[in-house]
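Enquirer: I'll drop the sequence and a predicted model, then ask my questions.
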Amino acid sequence: MVERAPRVRASELTGRNWLNTGGKELTWSDLRGKIVILDFWSFCCINCLHVLDELRPLEDEFSDILVTVGVHSPKFEHEADPEALAAAVDRYDLRHPVLDDPELGTWQAYTARAWPTLVVVDPEGYVVAHLSGEGHVQGLVSLVHELAEEHEAKGTLHRGSGPYVPRPKQEGVLSFPGKINALPAELRSPDAEDQTYLVTDTGRHRVVELDSSLEKVLRTWGGNVKGYQDGSSDDARFNEPQGLAIVPEKLRESVGYDVVVADSVNHRLRGIELGSGKVSTVAGNGVQRLLDAEGARTGDPNVIDPAADPLTVSLSSPWDILWSDAIEAFVIAMAGTHQIFSFDPVTGTVQVLAGTGAEGLLDGSAADAWFAQSSGLAQAPDGTVWVADSETSAVRKIAFDEGGPTVTSVVGQGLFDFGFRDGSSEEARLQHCLGVAVLPDQSVAIADTYNGAVRRWDPVAKELTTLARDLAEPSDVLLEDRGEGNDPLLLVVEANAHQVVRLPTPKEAQRVDEGASQTQRPPSLLAGDTLEIVSRFSAPTGQKLDDRWGDPTQLKVSATPPEFIVEGSGAQQGLTRTLTLNPDITDAVLHVTARAAACDGEPGGEIPDHAACHLYQQDWGIPVRVTGNEEDEHTMTLDLRGVN
């Protein structure tokens, strides 16, 4: 346990606009008497999307006393567009007020340092908890019960409806579609006259087959209601499905399905037998992956028992999937853990193919590489897998060499670097790209989502150019082969326009330079020489630290550039660390991961047999600047779960 901080009154909620309030600007006077959770989020952030889903049952259970206020604090330039934010509120079906905070004024007032951050405010308007990262729902349930009991007794709790007012939604044939794939002739609908396409109709939680016009739905799997259920095409339920891949013909009969779907919010892979319409689960237990049981003790997120039943393995927001000829298995962009997984449909083996789980951009061997919310995959004829790494606005490739798979970046500089600029690897910039496709000349088309563009990387000229602009958040791109004598076209999933469109592949690409940008977060000012990192963690009521195998807490610290930390980097047990800083470097980014494991039980007592255990984890990427001013920070406090 940590010492409790003094009571602090909640700062005013300031920003550009409010959504889901019927046009009303909310103040703390409007919220007085309610328990309020301020959810600092950005719509690009996979961890933020996880928290949105964690909060939904809490909002339903305590609908008469609890109000969630989403404070949208953008990371990317596009996220500051009010129309893009409104679309995201619709896309993710948010049913609570949202404050648009493009200048990060409210973010700074509450000293948020990470997406997502949750701040709990009591009915009298005092801050009672700071929580960073995911996995806090059980602790929030306990805290809300405690606050409700306390303030009901004091007469300061007011029951009744909250300030949420729903917005009208606009949709088309599709609703926020995600990914697209072409169906081979033998798998198409009997009603199809020519080529058809499978599309994940993500906003309606279903998979659809479109005819060649891209406007007529031939078949559907799943329904308009989110959920999880296997069964017939009508009975099955998905929750924001994304990528989909065709099972190789030689395996379809033995595995019993034709298509694999990345069912993102259900944290599962689903199989569809197109002829019968049957939907089944082929991998994933539905529990979002943080660390497995062994990983909770070793700190290694890459430990998966190769003999494990695939239905017992935890996944985390699988976003795209493809069949790899190089490894004879499916490759999965596991966005939620910043890794690339593999799945063998014959043996059922699930493994980590690439990535340590650290969020960032680091090339090298697959085992040591860092990714950041990888969201799009494509395969070249030589077996190379191209990756759209969205949070680093990067295009990466995984090559399968004799010495093992290696990762190389062709575009991208890091977590906070983006822009709209064509040119060489060093000059080029993307903005939160989500999809890739390999073109006939082996160049790579890129769905540059937040720039509303399709870009092209030429691996021979080593240059990025622009093929098309003025699209509404393109989320995927697919080459349409129209046969000999016809120029190929690109099929682009235009998510925010709720459609798939055809685009020509121009002979001469555009060359754009609208500049390079960085995330506009003010750096934390450090005094210099040394810095103490302290992560506050207080186990929720009814839980205790799981100390059965030693200290169940851990800090992992690194920096970009690595030379910024002279001593103190790496992973160690405990939630405090003293760093010695390089006096020759003034600007850097600190990467900090805090973890703590707790189980149901009372402090000082034994953990009961079969007790439920919980892992708390958060990654921070914090821009810092060393000033040499003694009045600036000597200690940086990062709340994993800090209770005032």
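Expert: Ah, there it is. Numbers count the residues shown, from 1 in each chain.
Enquirer: what stretches of the chain score poorly on pLDDT?
Expert: For the chain, the stretches with pLDDT under 70 are 1-6, 290-302, 520, 644.
Enquirer: hey, where'd the helices end up in it?
Expert: Remark: helices assigned in the chain by DSSP state H are 28-31, 46-61, 82-91, 105-109, 137-154, 249-255, 293-298.
Enquirer: mind checking which of those helices is nearest Asp344?
Expert: Proximity of the helices of the chain to Asp344 was assessed by CB to CB; the nearest stretch is helix 249-255, lying at 10.0 Å. (Each C-beta comes from the backbone N, C-alpha and C, glycine too.)
Enquirer: Ile565 versus Thr627, what's the distance?
Expert: Counting by CB to CB, to the nearest Å, the gap between Thr627 and Ile565 amounts to 17 Å.
Enquirer: more crowded one of those two?
Expert: The neighbour count for Thr627 versus Ile565, taken as other CB atoms under 10 Å, is higher for Ile565 (22 against 15).
Enquirer: picking up where we left off before, could I get the helices of the chain as TSV with distance to Asp587 and mean neighbour count?
Expert: TSV is the format used below for those (distance: least, CB to CB, whole Å; neighbours: other CB atoms under 10 Å):
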stretch	distance to Asp587	mean neighbour count
helix 28-31	36	15
helix 46-61	25	19
helix 82-91	29	19
helix 105-109	19	18
helix 137-154	36	16
helix 249-255	51	13
helix 293-298	33	16
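Enquirer: any chance of the ones you listed in TSV, plus distance to Ser535?
Expert: Formatted as TSV, the entries for the helices of the chain read as follows, by distance: least, CB to CB, whole Å:
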stretch	distance to Ser535
helix 28-31	29
helix 46-61	16
helix 82-91	30
helix 105-109	19
helix 137-154	15
helix 249-255	44
helix 293-298	17
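Enquirer: closest one to Arg521 among those helices?
Expert: Distance to Arg521, taken as CB to CB, is lowest for helix 105-109 among those, at 8.4 Å.
Enquirer: who's in contact with that closest one?
Expert: Ser11, Glu12, Leu13, Thr14, Gly15, Phe40, Val71, Ser73, Leu99, Asp101, Pro522 (CB atoms under 8 Å, 6 or more residues apart in numbering).
Enquirer: which of these count as buried?
Expert: Among these, those classed as buried by neighbour count (16 or more other CB atoms under 10 Å) are Ser11, Leu13, Gly15, Phe40, Val71, Ser73, Leu99, Asp101.
Enquirer: OK, contacts around the nearest residue to Leu269 once chain neighbours are set aside?
Expert: Across the structure, with CB to CB, 6 or more residues apart in numbering as the measure, the residue nearest Leu269 apart from its sequence neighbours is Ala283 (4.2 Å). Ala283 makes contact with Arg268, Leu269, Pro310, Leu311, Val313, Leu315, Phe343, Gly348, Val350 under the criterion CB under 8 Å, 6+ apart.
Enquirer: possible to save those residues as a markdown table with distance to Pro190 and neighbour count?
Expert: What follows is these, written out as a markdown table (distance: CB to CB, whole Å; neighbours: other CB atoms under 10 Å):
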| residue | distance to Pro190 | neighbour count |
| --- | --- | --- |
| Arg268 | 29 | 27 |
| Leu269 | 27 | 28 |
| Pro310 | 32 | 21 |
| Leu311 | 32 | 15 |
| Val313 | 36 | 24 |
| Leu315 | 34 | 27 |
| Phe343 | 30 | 25 |
| Gly348 | 32 | 17 |
| Val350 | 34 | 28 |
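Enquirer: just give me the neighbour total for Ala497.
Expert: 19.
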